[in-house]
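Novice: Below are the sequence and a predicted model for it; my questions follow.
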Amino acid sequence: MSREIIVDNFAGGGGASTGIEMAVGRNVDIAINHDPDAIRMHKANHPCTKHYCEDVWEVDPVEACGGRKVGLAWFSPDCTHFSRAKGGKPVDKNIRGLAWVAVRWAYMVRPRVIMLENVPEIRSWGPLDDKGKPIKQRAGEIFEGFCMALTTGIPPEHPAHGEMCASLGILPESEMAEALSRGLGYMLDYRILRSCDYGAPTTRTRFYMIARSDGNPIIWPEATHGEANGLLPYHTAAECIDWSIPAKSIFEREKPLAENTLRRIARGIRKFVIDHPDPFIVTVNHGGDCFRGQNIHDPLNTVTAKNGYSVVVPSLIQYHSETADDEVRGQELTEPLMTVDTQPRYALSVAHIMKNYGGNYTGSGSGADDPLDTVTAKDHNSLVTAHILTLRNHMDGQALDEPLSTISCSGAHHAEVQAFLVKYFSNGAAKSVQEPLDTVTTKDRFALVTIHGEEYIITDIRMRMLQPRELFNAQGFPADYIIDHDFEGKPYSKAAQVARCGNAVTPPVPAALVRANLPELCKEEQI
């Protein structure tokens, strides 16, 4: 008896396929996507899969399956016309109706299990007015009809029946329409799940639907990660970061940062440095002793004429637009990275040991978990910590010890922000944190805070955008997943890599769903 096959519709760069492979131990059998770049990345990582680089509507399920039974059909239809990020823009009815493809496959080849992933807003799927805007009073009508077609049937008088026929390209009196009116008899359930609860280092929150025709119960896997007793700790943003990559000062750039970006950084610095309850202090120029630092709650070490302190705390800043009403949002580095989707942008602040020679920052330093470099008569090491800056939708960012927030496919919304603080020896008073950051000169950076009676100023602030590999790490992809070139070795631009990442399903979630609902397929490869 031939084994059941697995089909990944809307396969993209391979997030769902990778998660399914984690569970069953083999490549999916069929992957379908209209985007050549997405298919080429998928081929590089899933070489044994049969690929269709076509519109999902152009693929004949019967012909593609070739008489083989389908154990699992996965669907991740375009979510942009359901997402809140769409705002008030007109909706494309054809894109909004892509989920009907799942009904087509259910009718034509009857997969034993169907799984569908989308944004939570798909539950509001309803008809559109003449201007392409959703009719609020009728929100959810089409979604209800979609579920009815798979289960008990969608009667011809139901408001969604006409749209169903139009999307599927069938006549209301056709055999298929009549079958859908009677219902396909699937059991169906859906939930909203967070990726970080299943081991991904991102808080990405998505809608998941499971429908099955074999009479077996639908099982929702228990969370494996979280703060409750008995659960594994969340994977964090810090685990995804390559700490060896240097960041660039926000001052004296050839192309200055936008004023609103600087304001976001300033607000993030205030939240994660000035107002942070537990900043970290490290001593520099202390005469050669191998001092590694101290907690803010401990008494301050002896202050000498040449002794200096650096106070640095981590966070994540998020930005989206350059409008005046945008506010910097961020999160502490100790928190999971927030959801990665097609819109958000993040910047990261890195924690590492920096080197100070002659008062200047030189070299890339070393990792905080590496042995400290040689200590000379004048110690040149000080600790630099970081946070992630999320440049989008009024977010404050995040701490690095939390999962990363949603990643966008349209660009880099996550940035790293490093704050270097030293004792304030000037005769002047500390600057108000209410002042805009762009009024600060490069010589007198930014007086910030008083700690144990001592004033400190920021000597530099550094920022860099997160790299594609770091974002794929946050999505939960394996470290060896190929993202920078296709199956023929053709390189991808960073923008193309980020696009594949932001559109991707986080692999740990489909892995958990498949293990819970199709254990027989998972065992198959383990015999």
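Specialist: Arrived safely, thanks for sending. Residues are numbered from 1 along each chain as shown.
Novice: right, and residue 201 touches residue 476 too?
Specialist: Yes: counting by Cβ atoms under 8 Å, residue 476 is a contact partner of residue 201 at 6.6 Å. For every residue, glycine as well, the C-beta is placed using N, CA and C.
Novice: Give the residues shared as contacts by the two.
Specialist: Both residue 201 and residue 476 are in contact with residue 235, where contact means Cβ atoms under 8 Å, 6 or more residues apart in numbering.
Novice: shaky segments in the stretch 51-200 of the chain?
Specialist: Low-confidence segments of the stretch 51-200 of the chain (pLDDT under 70): 80-93.
Novice: where exactly do the strands run in it?
Specialist: Taking DSSP state E, counting those that start in this stretch as the criterion, the stretch 51-200 of the chain carries its strands at 70-75, 113-118, 187-194.
Novice: of those strands, which approaches residue 266 most closely?
Specialist: Smallest distance to residue 266 across these (Cβ to Cβ): 30.7 Å, for strand 187-194.
Novice: Reformat the strands of the stretch 51-200 of the chain as TSV; add mean neighbour count and distance to residue 29.
Specialist: Listed next are those as TSV, based on neighbours: other Cβ atoms under 10 Å; distance: least, Cβ to Cβ, whole Å:
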stretch	mean neighbour count	distance to residue 29
strand 70-75	24	9
strand 113-118	24	14
strand 187-194	16	24
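Novice: so can I have a markdown table of those showing distance to residue 23?
Specialist: Listed next are the strands of the stretch 51-200 of the chain as a markdown table, based on distance: least, Cβ to Cβ, whole Å:
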| stretch | distance to residue 23 |
| --- | --- |
| strand 70-75 | 10 |
| strand 113-118 | 12 |
| strand 187-194 | 15 |
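Novice: show me where pLDDT drops low in this structure?
Specialist: Scanning the chain for pLDDT under 70 picks out the ranges 1, 80-93, 273-274, 276-401, 408-412, 417-459, 523-527.
Novice: That one: helices as residue ranges?
Specialist: Ranges of helices in the chain, per DSSP state H, are 15-24, 36-45, 61-65, 93-96, 100-109, 141-150, 161-168, 175-182, 259-269, 468-475, 494-502, 508-517, 519-524.
Novice: Mean neighbour count and distance to residue 249 added to those, as JSON lines?
Specialist: Compiled in JSON lines, the helices of the chain are given as follows (neighbours: other Cβ under 10 Å; distance: least, Cβ to Cβ, whole Å):
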{"stretch": "helix 15-24", "mean neighbour count": "26", "distance to residue 249": "35"}
{"stretch": "helix 36-45", "mean neighbour count": "22", "distance to residue 249": "34"}
{"stretch": "helix 61-65", "mean neighbour count": "16", "distance to residue 249": "54"}
{"stretch": "helix 93-96", "mean neighbour count": "16", "distance to residue 249": "42"}
{"stretch": "helix 100-109", "mean neighbour count": "21", "distance to residue 249": "49"}
{"stretch": "helix 141-150", "mean neighbour count": "22", "distance to residue 249": "49"}
{"stretch": "helix 161-168", "mean neighbour count": "19", "distance to residue 249": "53"}
{"stretch": "helix 175-182", "mean neighbour count": "16", "distance to residue 249": "61"}
{"stretch": "helix 259-269", "mean neighbour count": "23", "distance to residue 249": "12"}
{"stretch": "helix 468-475", "mean neighbour count": "26", "distance to residue 249": "20"}
{"stretch": "helix 494-502", "mean neighbour count": "22", "distance to residue 249": "21"}
{"stretch": "helix 508-517", "mean neighbour count": "24", "distance to residue 249": "37"}
{"stretch": "helix 519-524", "mean neighbour count": "15", "distance to residue 249": "50"}
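Novice: closest one to residue 237 among the ones you listed?
Specialist: helix 468-475 (6.6 Å).
Novice: Dump that closest one to PDB, restricted to CA.
Specialist: The C-alpha coordinates for helix 468-475 follow below in PDB (Å, rounded to 0.1, in the frame of the first residue of the first chain):
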ATOM      1  CA  PRO A 468      18.100  38.200   7.400                       C
ATOM      2  CA  ARG A 469      19.700  35.200   9.100                       C
ATOM      3  CA  GLU A 470      18.800  36.700  12.500                       C
ATOM      4  CA  LEU A 471      15.200  37.100  11.400                       C
ATOM      5  CA  PHE A 472      15.000  33.500  10.100                       C
ATOM      6  CA  ASN A 473      16.400  32.400  13.400                       C
ATOM      7  CA  ALA A 474      13.600  34.300  15.100                       C
ATOM      8  CA  GLN A 475      11.100  32.600  12.900                       C
END
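Novice: could you say what helices and strands that helix packs with?
Specialist: helix 494-502 (3 or more Cβ pairs under 8 Å, 6 or more residues apart in numbering; DSSP states H and E).
Novice: So which elements touch the helix it packs on?
Specialist: Taking 3+ Cβ pairs under 8 Å, 6+ apart as the contact cut, helix 494-502 packs with helix 36-45, helix 468-475.
Novice: CA atoms only for the longest one, dumped as PDB, please.
Specialist: The reference is to helix 36-45. The C-alpha coordinates for helix 36-45 follow below in PDB (Å, rounded to 0.1, in the frame of the first residue of the first chain):
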ATOM      1  CA  PRO A  36       9.600  32.000  -8.800                       C
ATOM      2  CA  ASP A  37      12.000  33.300  -6.100                       C
ATOM      3  CA  ALA A  38      10.000  31.500  -3.400                       C
ATOM      4  CA  ILE A  39      10.000  28.300  -5.300                       C
ATOM      5  CA  ARG A  40      13.700  28.500  -5.900                       C
ATOM      6  CA  MET A  41      14.400  28.900  -2.200                       C
ATOM      7  CA  HIS A  42      12.000  26.100  -1.500                       C
ATOM      8  CA  LYS A  43      13.900  23.900  -4.000                       C
ATOM      9  CA  ALA A  44      17.200  24.600  -2.400                       C
ATOM     10  CA  ASN A  45      16.000  23.300   1.000                       C
END
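Novice: what's that helix in contact with?
Specialist: 11-14, 17-18, 31, 33, 49, 51, 53, 481-483, 485-488, 490, 492, 496, 499-500, 503.
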